[in-house]
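[1] Structure of the sequence below:
(2 chains)
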Number of protein chains: 2
Amino acid sequence: MKRLTILGATGSIGLRALELVSTFPDEFTVTGLAARGSNVELIADLCRKYAPEAVALLDPAARDRLARLLPAPAPALLAGPEGLVALARDVEADVVLSALVGGAGLLPTMAAIQAGRTLALANKETLVMAGSVMTAAARARGVALLPVDSEHSAVFQCLVGHNRGDVHRILLTASGGPFREWPREKFSAITLEDALRHPTWKMGAKITIDSATLMNKGLEIIEARWLFDVRPDQVQVIVHPQSIVHSMVEYVDGAVLAQLGVADMGIPILYALTYPERRPTPAARLDLTRVGTLAFFEPDVERFPCLALARAALEQGGTAPVVLNAANEVAVAAFLDRRLRFVQIPDVIARALDAHPARALASIEECVAVDGETRRRAGELVARHAGGALS
Amino acid sequence: MKRLTILGATGSIGLRALELVSTFPDEFTVTGLAARGSNVELIADLCRKYAPEAVALLDPAARDRLARLLPAPAPALLAGPEGLVALARDVEADVVLSALVGGAGLLPTMAAIQAGRTLALANKETLVMAGSVMTAAARARGVALLPVDSEHSAVFQCLVGHNRGDVHRILLTASGGPFREWPREKFSAITLEDALRHPTWKMGAKITIDSATLMNKGLEIIEARWLFDVRPDQVQVIVHPQSIVHSMVEYVDGAVLAQLGVADMGIPILYALTYPERRPTPAARLDLTRVGTLAFFEPDVERFPCLALARAALEQGGTAPVVLNAANEVAVAAFLDRRLRFVQIPDVIARALDAHPARALASIEECVAVDGETRRRAGELVARHAGGALS
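    Residues are numbered from 1 along each chain as shown, chains lettered A, B, ... in the order given. All right, here's what the predicted structure looks like:
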């Protein structure tokens, strides 16, 4: 029995993981569940179904509502950021699935690493913010970081068994999002509804907008740099609208290994949970003769400046990616809230980066400080855009 | 220094391997060269350039001509089938590249295995003929069989580091050859020149014709069954005209690993010679944005009956694949010699298979006997076709 703790249990990755756990009841037991707390009824259902030892909710009021919904013997109930950290650190688990969205996952994910737990990592923002600190901690504790992102799972699968020193470059595929073929002049008219219509993947709102701006791929470049310990220029992006090739690794001899499959997160999630083994997934099978053709294009950084911003932040290094991520989170939240236009998202990020003199990142505490500072600054930028002070 | 012996030094694979050896003079030394002997001047050149300890030629007269061309101290010169066997067995080598064409490679390849030498295998016909015996001998001697065929090298690379028990199926890609889009009614008019015009790979004459009939893919199904120890129904074929995806492995969880690259045999040859390491290959790099699209189709066994004949022979097992291979070699030689029409190739093979009651294959000697017997029978079938007695 593999003991599993899920940080972000009510998000799309967390729920899919729990669905898979139900399919393999003899393989997994759920020991801990953590979530923001925006859907207490759903968490109560999960508690009845999976009987975790402990539950942590970011929102203390949600913890109190949950306590009233659950009959005794209820799981131990924790709350607040320190509750999530305690859950990740103290609840026994063979694997911790880190699937919170955004910077909220940083401290509990670090706590899981410091407790020496194998980490299945879906929360890419944590690596973007604190890649150097997290990977150093993982090395020091001998903790495996298993990617859950479909692209990084693909890269990981293409690296298994091969010499890391023989890697020439990593090619992350990008669907190109809903605006891949939109002309530049139409971008200023993009609505929230347009942006939420992803062509190939069904995902949470934040990552869907990141996919539309291509910031998602930018964050993935940074994630790949840390996960696979390669130089920034060794991570490249190729647009592949069918989302069948999930990513590739080119070796020094010119051989390219690729991982392909249907667009179903069940495959990378289950692989991270069962690695180094595999299990038959209740997912559709890839039939390439039905797919017909796979196409590949260069990404267009003119229409999608977020990709260039992410690369610039990675090359600057230190605290710059923290700023990139925080400003993006604030801008995307404002766009989802209809307080910012689509084309203003990269503008907020660029201004936040310009205003921040990057420095070396020494600790998680510094990471949290820069994150908070940037969120305030980005909030002001959003307000100035909303007030028409910025164009 | 890796000591290398090449069986089939003057064929397209052998010459390419020697070219690669020149690129890495500090890595390889050539200890033995074997060839049929049809181009003595070329062999003399190779001796001057690579200074092997010994050379074996199938044709004894060619050996004598070579002796006159080479000044002392010449390499030891051997001749005849037993000369090739002696070279494979007695000349020290860390890797033997088995790259003779057709059944002529069987005995020297077996001799290399029995001498315990790592085998880089390009001579697929030997595995088709004697897969059970060869793989049993390799297991008994702890000899690694490293595939050189681009498809099998691709599969091998997609298997490295993964659990063999997790393999769902192997997908061999086929370019489809020059007649992929030809309607069935035009097949009777196919000329030798048409058939020699392969769309993506530049190869020797025999394999080029096998690619046009799709028998090459049929032989590769059998080769894969033995190399990777899978059930015949786990090896499937998918037509992919661009020859960029060299083959794929689908795992039980639905994940598919693929190996891609430009159509250059330098990559799989060098990989087999340097495995488990890789070296930068002086080959063009794959740029998928230039390739644009990759297409995939079901193979058409109606127009390409050789594919079905090969699968039937594999399923019959025992001596049936020996008959398949021998009849195909005779029929292809006759077609290259303009004594047989293209559409008559599968007919000769089908009749040879029908006339042979398959039995278990006990030894290499039995393999050689069935091979000889089938060649005589297939020769008669070709003569009857030429005389108009068969339609």
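[2] Which residue does chain A have closest to chain B?
    Proximity of chain A to chain B (CB to the nearest CB) peaks at residue A:161, 1.5 Å away. All C-beta atoms are positioned from the backbone trio N, CA, C, and that covers glycine.
[3] I'd assumed residue B:164 was in contact with that residue.
    No - look at residue A:161 against residue B:164 with CB atoms under 8 Å: they stay out of range, at 11.7 Å.
[4] How about residues contacting stretch A:162-172?
    A:151, A:155, A:159, A:217, A:220-221, A:224, A:228-230, A:234-238, A:247-253, A:256-257, B:157, B:160-161, B:276-278, B:288 (CB atoms under 8 Å, 6 or more residues apart in numbering or on different chains).
[5] List the buried residues for it?
    A:162, A:166, A:167, A:168, A:169, A:170, A:171, A:172 (16 or more other CB atoms under 10 Å in any protein chain shown).
[6] That stretch: end-to-end distance?
    In stretch A:162-172, first residue to last residue: 18 Å (CA to CA, to the nearest Å).
[7] Equivalent analysis for stretch A:159-172, please.
    Note: stretch A:159-172 ends 14 Å apart using CA to CA.
[8] Can you pull out the low-pLDDT segments for chain A?
    A:391 (pLDDT under 70).
[9] Centroid-wise, who is the farthest residue in chain A?
    Going by CA atoms, centre = their mean, the residue of chain A most distant from its centre is residue A:72, 34.8 Å out.
[10] part of a strand, is that residue?
    No - assignment of residue A:72 by DSSP: H, G, I helix; E, B strand; the rest coil gives coil, placing it outside any strand.
[11] Am I right that residue A:210 is in contact with residue A:332?
    Yes - Residue A:210 is within contact range of residue A:332, at 6.6 Å (criterion: CB under 8 Å).
[12] Close to chain B: what parts of the stretch 251-391 of chain A are there?
    A:251-262, A:264, A:267, A:270-271, A:276-281, A:283-286, A:288-289, A:291-298 (CB under 8 Å from any CB of the partner chain).
[13] quick one: stretch A:190-204 near chain B?
    No - using CB under 8 Å from any CB, stretch A:190-204 stays clear of chain B, coming no nearer than 15.7 Å.
[14] distance between the ends of that stretch?
    With CA to CA as the measure, stretch A:190-204 spans 19 Å from end to end.
[15] residue boundaries of the strands in the stretch 101-250 of chain A?
    A:118-121, A:145-147, A:167-174, A:235-239, A:245-251 (DSSP state E, counting those that start in this stretch).
[16] Name the nearest residue to residue A:155, ignoring sequence neighbours.
    Leaving aside its sequence neighbours, residue A:155 sits nearest to residue A:247 (CB to CB, 6 or more residues apart in numbering or on different chains; 4.9 Å).
[17] Show me what that neighbour bridges to in the sheet.
    Residue A:247 has these beta-bridge partners by DSSP bridges: residue A:172, residue A:259.
[18] ok, and the closest non-adjacent residue to residue A:342?
    residue A:190 (3.9 Å).
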